[in-house]
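Trainee: With the input below, show me the fold.
(2 chains)
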Number of protein chains: 2
Amino acid sequence: MRIAIISVGREILRGRVLDTNSNYLARELTALGHQVVRISQIDDIREEIIWEVKYAASSPVEVIITTGGLGPTSDDITIPSIAAAFDTPCFENKEALKIVEERYRYFYEKGAVESPDLTPERKKMACFPEGAVPLFNNVGAAPGMKWEKNGITIYSLPGVPAEMKYIFENHIKPDLEERNIYRERFVETPCRDESLLEKYISDFKKRNPDIYIKSVPEKFGKEVRIKVVIGMRGDREKIEELLTSLAGEFLKSIREPC
Amino acid sequence: MRIAIISVGREILRGRVLDTNSNYLARELTALGHQVVRISQIDDIREEIIWEVKYAASSPVEVIITTGGLGPTSDDITIPSIAAAFDTPCFENKEALKIVEERYRYFYEKGAVESPDLTPERKKMACFPEGAVPLFNNVGAAPGMKWEKNGITIYSLPGVPAEMKYIFENHIKPDLEERNIYRERFVETPCRDESLLEKYISDFKKRNPDIYIKSVPEKFGKEVRIKVVIGMRGDREKIEELLTSLAGEFLKSIREPC
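Mentor: From the prediction side, this is the model:
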């Protein structure tokens, strides 16, 4: 499946926060056999989120994953903005409200918050568009969201990495596991110079048009041995064996010095 | 100035590489007083780069910075794709070619490459659109690019972090230094609960409409003291003092428990 990732939060655009969430998701989704086609980091401004979701939804993707902007503060506006991108209002979701209530009660009992009350700021986290399903968050308070809309599955996750990972592992991963997967393998070559290695790469790619192959750029140096990454799609059971054989073939094709 | 950052490279979309370049640039540009409005990570596919550059150029930005895709391999296509986004061909730039030649001679003398010859793969790195200026790269071989086109300044930097930083520090930073700057300050509050802190933040924002203020989300916990970030724009000489006074005022406005 083709997937777009949208990270929402001004802290990323100011360089205060390094967006490790999208890297985690890209790695996990690649390992599951899917293809991340675009990642973007945008401001927590309603119009920016609407525009970005509309753009992603109009491009050929089956899944959109957003991170960030699900919390209780006034700049946490991701879910209502996603709803607005599809001209849909959002309203209090009973199941989501139950999660928020349960989580604040838990934090209250642990002594982490002063009161378990459902204040307007907390209730806001249960505002979902019609048909969206809240995803339980065992780490923080804000539920994630799964929404099937116009043939696209939209997942919204919190921006706090531990919460994002919990919801991904427990709700999204089981949805997206497939038999036919994409895998990559690093191969260390004897070459020090990308520009000389390039012809072996293009020849190999001509003989194996369905694979992905690319050198990994490095600083120049005497001790450098340039790595190449080979990627392909195939059956979960056979893919590692196929990659091993491709890697061997590729190494055999190289003539030194390079 | 409003700035868009575009990171080019499939390795980011596969999760193999964490895009620390855009985080470095966002932090540096924020410190210089500029506003990064959007970051995107896209595939090294010609059409994707063209689309993304066209979109950025049609949005209200003064500067576009790209990273990645300046090297000698066949998937290094950033500069010709940027040129194509403006319906302009690219051709061999003499000054750029001189840089490439000089760098490979240097690496050859250091014993890092087998030959100093200007192969087609190496020559490719000197293909620039008309009017573009090559930026010397003291770390790798590929020159960066500065191109003023249709009222926008486009900078293209290599993806290898050390090369990207060298060109940013030596060519871009001196271009972009300004007197009126934007600065942010972290303030630790006595509060443990974002949803209770929120009302002090919105009240403070109402009294100081020109500032940026936001809590930094955290996991829940007894020992948590939520931080708030306050940002504002002002004269380089006075801004730190103004932020100190704002931070003090904000802390005074908070009533515990929160």
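
Trainee: Tell me if stretch A:241-252 is near chain B.
Mentor: No - Stretch A:241-252 stays clear of chain B (C-beta under 8 Å from any C-beta of the partner chain), getting no nearer than 14.3 Å. To be clear about C-beta, it is placed using only N, CA and C from the backbone, and glycine gets the same treatment.

Trainee: do stretch A:215-230 as well
Mentor: Yes - for stretch A:215-230, a contact with chain B is found by C-beta under 8 Å from any C-beta, at A:215, A:216, A:217, A:218, A:219, A:220, A:221, A:222, A:224, A:229.

Trainee: From those residues, keep the buried residues only.
Mentor: By neighbour count, with 16 or more other C-beta atoms under 10 Å in any protein chain shown, the residues of stretch A:215-230 next to chain B hold A:215, A:216, A:217, A:220, A:229 as buried.

Trainee: As a markdown table, those residues with pLDDT and secondary structure would be great.
Mentor: Shown next, in a markdown table, are those (pLDDT from 0 to 100; DSSP: H, G, I helix; E, B strand; the rest coil):
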| residue | pLDDT | secondary structure |
| --- | --- | --- |
| A:215 | 92 | strand |
| A:216 | 89 | coil |
| A:217 | 80 | coil |
| A:220 | 81 | coil |
| A:229 | 94 | strand |
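
Trainee: ok, of the residues you listed, which one's closest to residue B:128?
Mentor: Set against residue B:128, the nearest of these by C-beta to C-beta is residue A:217 (19.6 Å).

Trainee: quick one on the thing from earlier: pull the most distant pair out of the residues of stretch A:215-230 next to chain B.
Mentor: Checking these with C-beta to C-beta, the most distant pair is A:222 and A:229, at 23.0 Å.

Trainee: The residue of the stretch 151-258 of chain A found nearest chain B: neighbouring residues, count only.
Mentor: Relative to chain B, the nearest point of the stretch 151-258 of chain A is residue A:195 (3.7 Å; C-beta to the nearest C-beta). If you count neighbours by other C-beta atoms under 10 Å in any protein chain shown, residue A:195 ends up with 26.

Trainee: for residue A:257, same thing?
Mentor: Residue A:257 - counted by other C-beta under 10 Å - has 11 other residues nearby.

Trainee: Next, give phi and psi for residue A:201.
Mentor: As for residue A:201, its main-chain torsions (degrees, to the nearest 10) stand at phi -70, psi -50.

Trainee: residue contacts, it?
Mentor: A:213, A:214, A:215, A:228, B:73, B:74 (C-beta atoms under 8 Å, 6 or more residues apart in numbering or on different chains).

Trainee: Most neighbours among these, which one?
Mentor: Result: residue A:215 is most packed of the contacts of residue A:201 (other C-beta under 10 Å), 25 neighbours.

Trainee: Helices of the stretch 1-150 of chain A, start to end?
Mentor: A:10-13, A:20-31, A:46-58, A:78-85, A:94-109, A:120-123 (DSSP state H, counting those that start in this stretch).

Trainee: Please name whichever of those is nearest to chain B.
Mentor: Per C-beta to the nearest C-beta, nearest to chain B of those: helix A:20-31, 2.8 Å.
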